[in-house]
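[1] Pasting the sequence and the predicted coordinates here, then a few questions.
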Amino acid sequence: MSTSAGESHMQLTVVGCSGSYPGPDSPASCYLVQAEHEGRTWNILMDLGNGALGALHRYVDPLDIDAVFLSHLHADHCIDMTSYYVLRKYHPTGEQEPLPVWGPRRTARRLARAYDLPKKPGMREEFVFHRLRPEEDPVEVGPFSVTPYAVDHPVEAYAFRVQVGDRVLAYSGDTGPCTGFDQVAAEADLLLAEASFVSAEENPPSLHLTGAEVGETATRAGAARVVLTHVPPWHDPFDALAEAKSTYDGPLELASAGAVYDV
């Protein structure tokens, strides 16, 4: 990717957008965010769910990732970290520098257990694990400033506000309606938001958003553009789109694997 000199700019690539598990057309959640800085392209990942690592090879060399941010530790958002561990440990180019990984409490333990590794060292020789703390300063990675916001989900979960210069990409992670989602969406240039539920059903609380709820939040927060994601394969994604259109009148579309957005 390339940008004009001095221009604040990000590029978002949807690696996977299927909700809850991989679907027929997409892996589970994974988003590649890129920006130019100091003469090179910087690459971060938001989530790495089921099937996403294989698809990631289409868009970037997985060894060129600069950091990974895990919104929470459900399998559809993190489980391909086990495969990424194998890639980084056994790649024929030789030993890789440990990669920074930001996630909820006990991310290192969760991933080691998922691959049946002992707790120590687990994956700590391949990754440097950091705990997300929304009350502290944003995480700085090259040109990126990443601020986590605690959101409403059955496990410790975060939304991410990614900023390069004056450009803002907001990602909901998985959440029900909550203050954290409102905060991450505020004046975002692009709001990438999950729409797992449909309003016609009786949905459990504190779990996911409907398209209508995404639209309401985007309108209230002044988000400039919305992309709906994480629609599970058992729902028609165009139902989520129709709901969001009923509550938001700005640019709006459905995420699809391989889609690229300039932010």
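    Alright, I've got the coordinates. Numbering: from 1, shown residues only.

[2] what's the helix or strand for Asp137?
    Per DSSP states H and E: Asp137 is located in neither a helix nor a strand.

[3] nope, Leu191 is what I meant
    Under the criterion of DSSP H and E, Leu191 resides in strand 190-194.

[4] The very next helix or strand once past that strand versus strand 190-194: what angle between them?
    Downstream of strand 190-194, the first helix or strand assigned by DSSP H and E is helix 211-221. Helix 211-221 and strand 190-194 are oriented at 150 degrees to each other (axes from the mean of the first three to the mean of the last three CA atoms, to 10 degrees).

[5] quick one: the strands in the chain?
    11-16, 30-37, 40-48, 67-69, 99-103, 127-131, 139-141, 144-150, 158-164, 167-171, 190-194, 226-229, 252-254, 260-262 (DSSP state E).

[6] re the thing from before, which other residues reach the strand holding Leu191?
    Strand 190-194 is contacted from outside by 12, 19, 31, 168-175, 181, 185, 208-209, 214, 217-218, 221, 223-230, 255, 261, 263, using CB atoms under 8 Å, 6 or more residues apart in numbering. C-betas here are computed from N, CA, C, even on glycine.

[7] partners of that strand in the sheet?
    Sheet pairing of strand 190-194 (DSSP bridges) gives strand 167-171 (parallel), strand 226-229 (parallel).

[8] number of nearby residues for Val227?
    If you count neighbours by other CB atoms under 10 Å, Val227 ends up with 24.

[9] so it makes contact with Ala255?
    Yes: shown here, Val227 and Ala255 form a contact pair, counting by CB atoms under 8 Å, at 5.1 Å.

[10] any common contacting residues for the two?
    Shared contacts of Val227 and Ala255, defined by CB under 8 Å, 6+ apart, are found at 14, 192.

[11] What about Leu87, how many residues nearby?
    If you count neighbours by other CB under 10 Å, Leu87 ends up with 16.

[12] still on that earlier bit, among the strands of the chain, which is nearest Ala112?
    Evaluated over these, closeness to Ala112 peaks at strand 127-131, with 10.1 Å, by CB to CB.

[13] what's that closest one in contact with?
    68, 81, 85, 88, 98-105, 107-108, 139.

[14] Tell me the buried residues within those.
    68, 81, 85, 88, 99-104, 107-108, 139 (16 or more other CB atoms under 10 Å).

[15] hang on, the earlier thing: is it possible to get JSON lines of the strands of the chain that adds distance to Asp236?
    Below are the strands of the chain laid out as JSON lines (distance: least, CB to CB, whole Å):
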{"stretch": "strand 11-16", "distance to Asp236": "19"}
{"stretch": "strand 30-37", "distance to Asp236": "23"}
{"stretch": "strand 40-48", "distance to Asp236": "23"}
{"stretch": "strand 67-69", "distance to Asp236": "30"}
{"stretch": "strand 99-103", "distance to Asp236": "32"}
{"stretch": "strand 127-131", "distance to Asp236": "38"}
{"stretch": "strand 139-141", "distance to Asp236": "36"}
{"stretch": "strand 144-150", "distance to Asp236": "29"}
{"stretch": "strand 158-164", "distance to Asp236": "25"}
{"stretch": "strand 167-171", "distance to Asp236": "23"}
{"stretch": "strand 190-194", "distance to Asp236": "16"}
{"stretch": "strand 226-229", "distance to Asp236": "12"}
{"stretch": "strand 252-254", "distance to Asp236": "11"}
{"stretch": "strand 260-262", "distance to Asp236": "23"}
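
[16] Deepest-packed of those strands, please.
    The highest mean neighbour count among the strands of the chain, using mean count of other CB atoms under 10 Å, belongs to strand 190-194: a mean of 28.

[17] Report the mean confidence score over it.
    The average of the pLDDT scores along strand 190-194 is 98.
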